[in-house]
Every structure is written in C-alpha cells, then in structure tokens.
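Novice: The sequence isn't on hand, but the structure is:
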DNA sequence: CTGTAAACGGAAACCCCTTCTCCGTTAATG
DNA sequence: CATTAACGGAGAAGGGGTTTCCGTTTACAG
C-alpha cells in the first residue's frame, strides 16, 4: 500500500487545479455571483466533481480572491514608496485597472462587508489603510486638491471601474478608461499648492491613441487601461 | 345603466394610480429588474390586481420610465441654453443626480440597447444628441480640456452615479457625490483655453458641508446631490 | 493484466424566486 | 339589496441556484 488510507489519483489533482484556473477567469468576468454551473461548464466537468474537490462554492471563491487581494495590496505598497504625487497617481491607476479587469474584485471592494460574508475584512482594512496613507501624504505634500479627501479615492476608482461597456448607446473606445482617469487625476491636482511637473515621468511613452490630438503636457497621459 | 359595457369601479382606478406611484419608487430604488412581487408588496395588493390593471410587467415599467426620460431630456435642454461652461457643468450635474437618485434610469442609460428590449431607443438618442451638443459647444468655447471628448461625458456621469453606498468599508458621507463631481469638473476644466470665472455663479449658496474646509474658489462648490 | 476503489458525469432532489392565472370571497354601486 | 367588478392569495409553470445520489469509468497497485 502507498498510504495508510487515501491514494489520491492524478486526475483528481489535475481537475482541482483546472477548476481553480477556470474559476479565476470566471470570477473576473462574471463577478462574485458566478455560479458553480458556470464554472464547471467552462471546465467541462460535472458538478459532482466540483463538490468532491471543494467543500462549497465559497471555499473556491475564497481561494481565488485571496490571490487578487494580495496582488492589489502589493501594488499599493509599491505606490507608497514613490513620491507623493506619483504615488497618488499610481494608486488610483492600480485601483481602477484591477477593478476594471476583475469584476469579482470590484464586487468585493465596493460591496458592503456583509456581501462577502465578513471574510476578507482584514485584507480590505489593509488596502484601505494603504489608500489613506497615500492620500494623506499627497495632501500634506500639496499634490492633492485640499477640497478632496482620501476617502474619495476608493469611490472615484470604483466609479471609474464601473464604466460599462456601453452608455447611451455609445460604445466604449479603447482610450476611454485612460481619458477618464486622466480627467479625475487632473481634477485631483487642480489647484494643488505644489506645482508638480509630470512631463518627465512619461518621456518615452508614445501617444497611445492614434486618433487623439497630441496630449497637452499639463494633462497626464496615462498608459491605456485594459 | 351607466355605460354600454363596462362600469369601472373607483377602487380599480385608485389601485392603478397606487401601483404607478409605488412602481416609480421601486424602479428608482431597485432598478429595471424590479419584480412584480416587490411592487405589489409595497402597494399591499395582490399580484392578480396588478395583472388586471396592466397587461404585463413591461407595460408598467414603460409608463414609469417614459416620465423619467422626459424629465432628463428637459433638464438637458435647459442646459443648452446656458453659456458653454455653465451648460457643461449643469449637464453633468443633471446626469449624475438623476442617475444617482434613480437606479432604473442608470440601468437604462448605461445598459446596452438590447437590455430594455429596444424600446426607448429614440429617447436615448435624443439625450445623447443633447450631450453631444453641450460637449462640443464647451470644447469650441475652450471650456473643456481638449484631451477630453464629448463621448466621455455620459460615461463619467454614469460612473459617478454608480458610486456605491460603501467602498472598502468606508461609508459614503453626504458630501461625497458633490466632491466627486467637483473633482471631475475641475479635471474637465483643467487647462481649458478660456479662463472661466465660476466664483460668481454660486455667490449666495452657503457652504453645504459643515465639516468641510472653506472651498477654494478655483474649485466649483456644487450643491449637494441626493 | 486485472481487481479495486477513487473519481467521474449527469440526473435529480431541493430550494428560492420569477411571471402570470384560477377561483372563492369581498364590496362598490345602481 | 342584487349584481358583478374587483379583490387576495394559492398555485401553475418556468428558470435559476446549490448540493447529492448513483451507475459507470478509469487510474493504478499488485
């Protein structure tokens, strides 16, 4: 005998990994409310296989979301190591980009704490504290308009990430997310006490949007999102 | 006999009006996906009564949404009669405020056209054309940053309206919507070619937020939303 | 190669919610 | 006060969800 009680077959581990991989995509596309049906359909497996590998739907979701939250936290941590103005910009960009790409993350960050069953409370608190540190630092350095508050930052980021694929029948163009982020960053910087020159931060980046008029150097041109 | 065939009882008309009134609130709070169950529960009526007064769920929804769309259109029409800068500001404010207050309107304007079954296509087109006129006029007058586009306006408005009641565990405070709109407006105006002085537009308005530091005159202080 | 048990897929049980209808009862009104 | 429109609630019909049961397949040790 190989083990005292259980011999784990190779297809079992393979399917477990497949389910995690597929669930990652599904949660990113559909959101926290993704169904087990949807996940096993994408994996071309039976539902029973799912429940043989995971105790419940929530168990798989937790595994998937832990990774994403850690990734956001790491990116924000990096932003705190930049100078105040660049850190603010980078934090907002990170929050918008991650939530735009990942519907489940958006659901988790913007929903009330009860939505996720109370789990992830610590991760959310750590992210919130990072955003606060970045916001307060930017404001002390005069890189953020005094009327704005650090509490506005996650709301602004979540709002921009919620921009749907169509609005009033107008389809979102590739540059939309970048332009919207640029608008908000310009608004946050408007009337900042310290004059920050950002023109040397993106010196080598080519104009991302072919049909766009040459960007004015007082309006940050961000790399396109998504 | 009173009429040839039908005598309409007074409680029937009363209930019809009650259902419309209650559905207006329900669609505003819940959105386009509000169920008949929810509506009759709020009206304290039976489901059968609903279907005796309306042929289907869609019929009532159409009646409710027609009103709201007409109201938005009228407000935007007013905005076109102001000067370009003020019109831009007013249009954005109108779009954000209406969609913040009315979840069903948000669903209708941000969803793809198929979501509403293809109805309301003309109303949406008229609203879109008004926004375009306002945006293009603002840009020609130099009241909007040249990097921004009129197409961004409905997305920005929809995004801000989507700001949820809680984000990262931070509850939305009463001034949040106004500050966020202020940020976006400042961003849209940043670097505009024409220097617009908005300080005389809100001369009599008291500071809306008690705990807010006195607003700088280079950042428009809007009346609070919601 | 073969026996065995782990793993499989799909049906189905079960629950919740939806739109819409049937039917026995209530009550508005001439 | 008789008539009958309108009522409420149960229930039909349908569609989604999660989770389990069961007969079949298949990986793997001996």
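Specialist: Nice, I can see it. This structure is a prediction, so every number in the text was calculated from the model and none was measured. Residues are numbered from 1 along each chain as shown, chains lettered A, B, ... in the order given.
Novice: Give me the mean pLDDT for stretch A:163-175.
Specialist: Stretch A:163-175 carries an average pLDDT of 90.
Novice: can you check stretch A:68-82 too?
Specialist: Stretch A:68-82 shows a mean pLDDT of 97.
Novice: And stretch A:22-35, by the same measure?
Specialist: If you average the pLDDT over stretch A:22-35, you get 96.
Novice: what about that stretch, near DNA strand D?
Specialist: Yes. Residues of stretch A:22-35 contacting DNA strand D under C-beta under 7 Å from any atom of the strand: residue A:35. To be clear about C-beta, it is placed using only N, CA and C from the backbone, and glycine gets the same treatment.
Novice: Run the contact check for that stretch versus chain B.
Specialist: No. Stretch A:22-35 is not in contact with chain B by C-beta under 8 Å from any C-beta of the partner chain; minimum separation 13.1 Å.
Novice: And that stretch, what's buried?
Specialist: Using 16 or more other C-beta atoms under 10 Å in any protein chain shown as the test for burial, stretch A:22-35 gives A:22-24, A:26-28, A:31-32, A:34.
Novice: Quick check: which ranges of chain A have low pLDDT?
Specialist: For chain A, the stretches with pLDDT under 70 are A:1-5, A:113-118, A:193-226.
Novice: so what secondary structure elements neighbour the helix ranked longest in chain A?
Specialist: Taking DSSP state H as the criterion, chain A has its longest helix at helix A:57-80. Applying 3 or more C-beta pairs under 8 Å, 6 or more residues apart in numbering or on different chains; DSSP states H and E, one finds that helix A:57-80 contacts helix A:10-30, helix A:84-101, helix A:103-110, helix A:121-140.
Novice: can you redo these as CSV with distance to residue B:56?
Specialist: Putting these into CSV (distance: least, C-beta to C-beta, whole Å) gives the following:
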stretch, distance to residue B:56
helix A:10-30, 29
helix A:84-101, 36
helix A:103-110, 31
helix A:121-140, 42
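Novice: count of neighbours near residue A:58?
Specialist: 12 (other C-beta atoms under 10 Å in any protein chain shown).
Novice: Just list the residues touching the most centrally placed residue in chain A, thanks.
Specialist: Ranked by distance to the mean C-alpha position of chain A (C-alpha atoms, centre = their mean), the top residue is residue A:98 at 2.0 Å. Residue A:98 makes contacts with A:68, A:71-72, A:75, A:105, as judged by C-beta atoms under 8 Å, 6 or more residues apart in numbering or on different chains.
Novice: again, only this time at 6 Å
Specialist: Shown in contact with residue A:98 (C-beta atoms under 6 Å, 6 or more residues apart in numbering or on different chains): A:72, A:105.
Novice: quick one on the thing from earlier: put together TSV for the helices and strands packed on helix A:57-80, with distance to DNA strand C on each row.
Specialist: As requested, those are exported to TSV (distance: least, C-beta to the nearest atom of the strand, whole Å):
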stretch	distance to DNA strand C
helix A:10-30	4
helix A:84-101	28
helix A:103-110	19
helix A:121-140	25
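Novice: between these, which one is nearest to residue B:64?
Specialist: helix A:103-110 (26.8 Å; C-beta to C-beta).
Novice: Tell me if the closest one is near DNA strand D.
Specialist: No. Using C-beta under 7 Å from any atom of the strand, helix A:103-110 stays clear of DNA strand D, coming no nearer than 13.0 Å.
Novice: Which residues does that helix contact?
Specialist: For helix A:103-110, contacts defined as C-beta under 6 Å, 6+ apart pick out A:27, A:31-32, A:68, A:98-99, A:116, A:158, A:161, B:164, B:167-168.
Novice: How about stretch A:142-161?
Specialist: A:84-85, A:88, A:92, A:95-96, A:99-100, A:106, A:110, A:131-132, A:135-136, A:138, A:180, A:184, A:188, A:190-194, A:196, B:159-160, B:162-163, B:167-168, B:170, B:179-180, B:183, B:215, B:219.
Novice: Out of the buried residues of stretch A:22-35, which comes closest to DNA strand D?
Specialist: Comparing those against DNA strand D with C-beta to the nearest atom of the strand places residue A:34 closest, at 7.1 Å.
Novice: Contacts only, for the closest one.
Specialist: A:26-27.
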